[in-house]
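Peer 1: Task: produce atomic coordinates for the following.
(one chain, ligands or ions: 1)
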Amino acid sequence: MTAKKSVLIVAQDDGGRLDPVVFDTVTAAKRLTGGAQGGVAAVLTGPPGTQALAEELWATGVADVYVAEHAALAEPRADSHARAVAVAVRQARPSLVLVGQTLLGRDLAPYLAARMDAGVIMNATELRLDASGATEVVCPIYGGGVQAVYRVSESPPSVVGFQRTVKSTAERVSHSRGRVIPVDPGLGGFKDKVKLVERSARSGPRLEEANVVVSGGMGLGEAKNYRYIEELAEVLGGLPGASRAICDLGWAARARQVGLTGTRVFPNLYMAVGIAGASQHLAGMSTSKVIVAVNTDTKAPIFKYARYGVTLDCVEFLPAFIAECRKLKSHS
Ligand SMILES: Cc1cc2nc3c(=O)[nH]c(=O)nc-3n(C[C@H](O)[C@H](O)[C@H](O)COP(=O)(O)OP(=O)(O)OC[C@H]3O[C@@H](n4cnc5c(N)ncnc54)[C@H](O)[C@@H]3O)c2cc1C
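Peer 2: Residues are numbered from 1 along each chain as shown. I've put the predicted structure just below:
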């Protein structure tokens, strides 16, 4: 008989709310455990007051929430948070630990695994059971072109970093209050080896939440043409994105980069302008509902994914298209 699966989710906050990736991890964990009672628990780590986020977890149907509160957990630093989570893991004894890949999560997962003397797998997109009931973790590799499937050990539980694959939202499935299980993070006298030099606050709308993304690539020819991308994004009520190649050149800010090593986006409309469609770019946008490609090369890989294609010089196309969109908008 297959041993009962249990997953402990490392739930992270995002400015006073749960980070959206937490909802993806809850969905994946429920699928793995088959919705078994008590199969999915979560741990919250943060400064005093963090416990308030337990409400959001209970609403997703996660009943048991381990909470470690300490002033040293106010900053999103991997070492202190991994120490606190490791204590919760010892209490909860799950068969798998799931960490959403936020900035903190990416750092925390390997720290935690080292602390637990366990294995770590990053970039997972799916958890499933094989025919014998063993847990398998699915991860896209080589820029998303191939899927790797790992069969994981449960003792000690493996640590799995999970990435966003869909634009999920918090779905309330439960109205009952669950349990808060206090955790002593054991951080008395803790001294972080990392010094915070500068904090760069994210402000304004987020690329990963946008319904329309217009991205520019090397086909723009020169830095100043990126302004057309910004203008079109604004006219369409969306946000501008970019390929890594133009971020490397400084034509667009790094925060605009879409792809494997940039932001994953989930818009209804994605316009790829002068972008070839390398697998690393596709890894960040191929789940967009409608993809429109503007590229002079009819054999560019992006056209395999695009529903609509334009094979004109983008520097000529963009000003005319922006003007047309403005006209249509003024008539509506
Ligand atoms: C580990 C790793 C991680 C990476 N992560 C990312 C990532 O997160 N995001 C990412 O984007 N890339 C990433 N890359 C880089 C990726 O492999 C490509 O090099 C990059 O996406 C290419 O950008 P591009 O399409 O703008 O440029 P190019 O490959 O140079 O393509 C430009 C395209 O523009 C077209 N074009 C040229 N002139 C015009 C014109 N006048 N009008 C219209 N079209 C025109 C060309 O036909 C061509 O298809 C990564 C690479 C590695 C190795």
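Peer 1: now the strands for the stretch 151-300 of the chain?
Peer 2: Along the stretch 151-300 of the chain, counting by DSSP state E, counting those that start in this stretch, strands occupy 158-162, 179-182, 212-216, 239-242, 269-273, 290-294.
Peer 1: Out of the ones you listed, flag the one nearest the ligand.
Peer 2: strand 290-294 (5.6 Å; C-beta to the nearest ligand atom). Backbone N, C-alpha and C define where each C-beta goes, glycine included.
Peer 1: Which positions within the helix or strand following that closest one qualify as buried?
Peer 2: Per DSSP states H and E, strand 290-294 leads on to strand 308-310 as the next helix or strand towards the C-terminus. Residues of strand 308-310 classed as buried by neighbour count (16 or more other C-beta atoms under 10 Å): residue 310.
Peer 1: helices or strands next to the helix or strand just after strand 308-310 in the packing?
Peer 2: Counting by DSSP H and E, the next helix or strand C-terminal to strand 308-310 is helix 314-331. Under the contact definition 3 or more C-beta pairs under 8 Å, 6 or more residues apart in numbering; DSSP states H and E, helix 314-331 sits against helix 226-235, strand 290-294.
Peer 1: mind redoing it with 10 Å?
Peer 2: Judged by 3 or more C-beta pairs under 10 Å, 6 or more residues apart in numbering; DSSP states H and E, helix 314-331 is in contact with strand 212-216, helix 226-235, strand 269-273, strand 290-294.
Peer 1: Kindly reformat these as JSON lines containing distance to residue 152 and mean pLDDT.
Peer 2: As requested, the helices and strands packed on helix 314-331 are exported to JSON lines (distance: least, C-beta to C-beta, whole Å; pLDDT from 0 to 100):
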{"stretch": "strand 212-216", "distance to residue 152": "34", "mean pLDDT": "98"}
{"stretch": "helix 226-235", "distance to residue 152": "41", "mean pLDDT": "98"}
{"stretch": "strand 269-273", "distance to residue 152": "33", "mean pLDDT": "98"}
{"stretch": "strand 290-294", "distance to residue 152": "34", "mean pLDDT": "98"}
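Peer 1: now these in JSON lines, with mean neighbour count and distance to residue 248?
Peer 2: Below are the helices and strands packed on helix 314-331 laid out as JSON lines (neighbours: other C-beta atoms under 10 Å; distance: least, C-beta to C-beta, whole Å):
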{"stretch": "strand 212-216", "mean neighbour count": "27", "distance to residue 248": "13"}
{"stretch": "helix 226-235", "mean neighbour count": "19", "distance to residue 248": "13"}
{"stretch": "strand 269-273", "mean neighbour count": "28", "distance to residue 248": "17"}
{"stretch": "strand 290-294", "mean neighbour count": "21", "distance to residue 248": "21"}
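Peer 1: Now distance to the ligand too, for the strands of the stretch 151-300 of the chain, in a markdown table please.
Peer 2: Listed next are those as a markdown table, based on distance: least, C-beta to the nearest ligand atom, whole Å:
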| stretch | distance to the ligand |
| --- | --- |
| strand 158-162 | 17 |
| strand 179-182 | 39 |
| strand 212-216 | 8 |
| strand 239-242 | 7 |
| strand 269-273 | 7 |
| strand 290-294 | 6 |
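Peer 1: between the ones you listed, which gets nearest to residue 89?
Peer 2: Across these, residue 89 has its closest neighbour in strand 158-162 (8.9 Å, C-beta to C-beta).
Peer 1: Paired strands for the closest one, with orientation please.
Peer 2: The strands that strand 158-162 pairs with in its sheet are strand 96-100 (parallel), strand 120-124 (parallel) (by DSSP bridges).
Peer 1: what mean pLDDT would you report for it?
Peer 2: Strand 158-162 shows a mean pLDDT of 97.
Peer 1: quick one on the thing from earlier: as JSON lines, the helices and strands packed on helix 314-331 with distance to residue 57 would be great.
Peer 2: Shown next, in JSON lines, are the helices and strands packed on helix 314-331 (distance: least, C-beta to C-beta, whole Å):
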{"stretch": "strand 212-216", "distance to residue 57": "30"}
{"stretch": "helix 226-235", "distance to residue 57": "35"}
{"stretch": "strand 269-273", "distance to residue 57": "32"}
{"stretch": "strand 290-294", "distance to residue 57": "34"}
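Peer 1: tell me the contacts of the residue nearest to residue 59 when sequence neighbours are not counted?
Peer 2: Distances taken as C-beta to C-beta, 6 or more residues apart in numbering place residue 172 nearest to residue 59, at 4.5 Å, with adjacent residues excluded. Contact analysis of residue 172 by C-beta atoms under 10 Å, 6 or more residues apart in numbering lists 56, 58-61.
Peer 1: Show me the residues you listed that map onto helices.
Peer 2: Applying DSSP state H to those, the entries found in helices are 56, 58-59.
Peer 1: Format the strands paired with strand 158-162 as JSON lines; extra columns: distance to the ligand.
Peer 2: Converted to JSON lines, the strands paired with strand 158-162 look like this (distance: least, C-beta to the nearest ligand atom, whole Å):
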{"stretch": "strand 96-100", "distance to the ligand": "19"}
{"stretch": "strand 120-124", "distance to the ligand": "12"}
